[in-house]
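S.K.: make a model of this:
(one chain, ligands or ions: 1)
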Amino acid sequence: MTQPPLPRVLIDQNTIASRIAELASTIDRDYAGQGELILIGVLKGAFVFLADLARRLTIPRQIEFIALSSYQDGSSSGAVRLVMDLRRSIEGKHVLVVEDIVDTGRTLHYLIELLKARDPASIRACALVRKKTRMEVEVQLGYLGFDIPDVWVVGYGLDYAEQHRTLPYIGVVEPRDGG
Ligand code: PRP
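M.R.: Numbers count the residues shown, from 1 in each chain. Prediction:
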């Protein structure tokens, strides 16, 4: 039986690994001596990036997850809602939100505002990829892996209709093919 072709490689495995090592050393440096850092992964897409980044860090750190979803209907296109909350308080803690992708920026904007209201000692965001030309909402990224063009990316946690999340690289699909 013939398998459908794999998505075209946009960012290969080695390039991702090297960039994550660089990001981790920068984060290690920035938070050195500041106590424990709470890494908050945004489900589902960030689970692979968070796992690799968290294991590269050497500073004291803890892992939490949060899940959000966007409405896409006529009346509230792009509105974001909380699907699964954190299990602990972040009050007085240094927080780093870890995202796989920033597209319009709506998810991250919503999340940062939500978490700021809980009085963390500091809050920054780290995204693996960003589609700069698609951004509709201004969000400050403390750390960014790669700027990418406006193409549908999959792999390394990212999906198209739940397909391809476990590809070890970031690839490109044409949505009309179903990936
Ligand atoms: C993706 C991604 C971000 C969000 C970015 O999540 O993980 O959270 O979209 O888009 P935005 O910048 O336009 O808000 P998705 O809703 O696909 O859920 P998933 O992570 O569970 O696949």
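
S.K.: what is the longest helix seen in the chain packed up against?
M.R.: With DSSP state H setting the assignment, residue counts place helix 13-31 as the longest helix in the chain. Using 3 or more Cβ pairs under 8 Å, 6 or more residues apart in numbering; DSSP states H and E as the contact test, the elements touching helix 13-31 are helix 47-56, strand 122-130, strand 143-147. C-beta coordinates here come from the backbone N, C-alpha and C atoms, glycine included.

S.K.: and the shortest one, is it in reach of the ligand?
M.R.: No. Applying Cβ under 6 Å from any ligand atom, one finds strand 143-147 separated from the ligand by no less than 13.0 Å.

S.K.: tell me the strands beside that strand, with direction?
M.R.: Applying DSSP bridges, strand 143-147 is found paired with strand 122-130 (parallel).

S.K.: other residues contacting the partner strand?
M.R.: Strand 122-130 is contacted from outside by 11, 16, 23, 27, 46, 49, 53, 94-102, 108, 112, 115-116, 139-148, 153, 156-157, 170, using Cβ atoms under 8 Å, 6 or more residues apart in numbering.

S.K.: quick one, which of the helices and strands packed on helix 13-31 is packed in tightest?
M.R.: strand 122-130 (a mean of 22; mean count of other Cβ atoms under 10 Å).

S.K.: quick check: bridge partners of the residue nearest in space to the middle of the chain?
M.R.: Geometric centre of the chain, nearest residue: Glu99, 1.3 Å, by Cα atoms, centre = their mean. Counting by DSSP bridges, Glu99 is bridged to Ala127.

S.K.: pretty sure it is touching Val48, no?
M.R.: No. Using Cβ atoms under 8 Å, Glu99 is not in contact with Val48; the gap is 12.0 Å.

S.K.: near the ligand, which residues of the protein?
M.R.: Counting by Cβ under 6 Å from any ligand atom, the chain sits next to the ligand at 42-45, 69-70, 99-107, 159.

S.K.: hmm, try it at 8 Å
M.R.: With the criterion set to Cβ under 8 Å from any ligand atom, the chain comes near the ligand through 42-46, 67-70, 78, 80, 99-110, 134-137, 157-159, 162, 165.

S.K.: which of those residues fall in strands?
M.R.: If you go by DSSP state E, these have Val42, Leu43, Ala67, Leu68, Ser69, Ser70, Val80, Glu99, Asp100, Ile101, Val102 in strands.

S.K.: list buried residues within those.
M.R.: Val42, Leu43, Leu68, Val80, Glu99, Asp100, Ile101, Val102 (16 or more other Cβ atoms under 10 Å).
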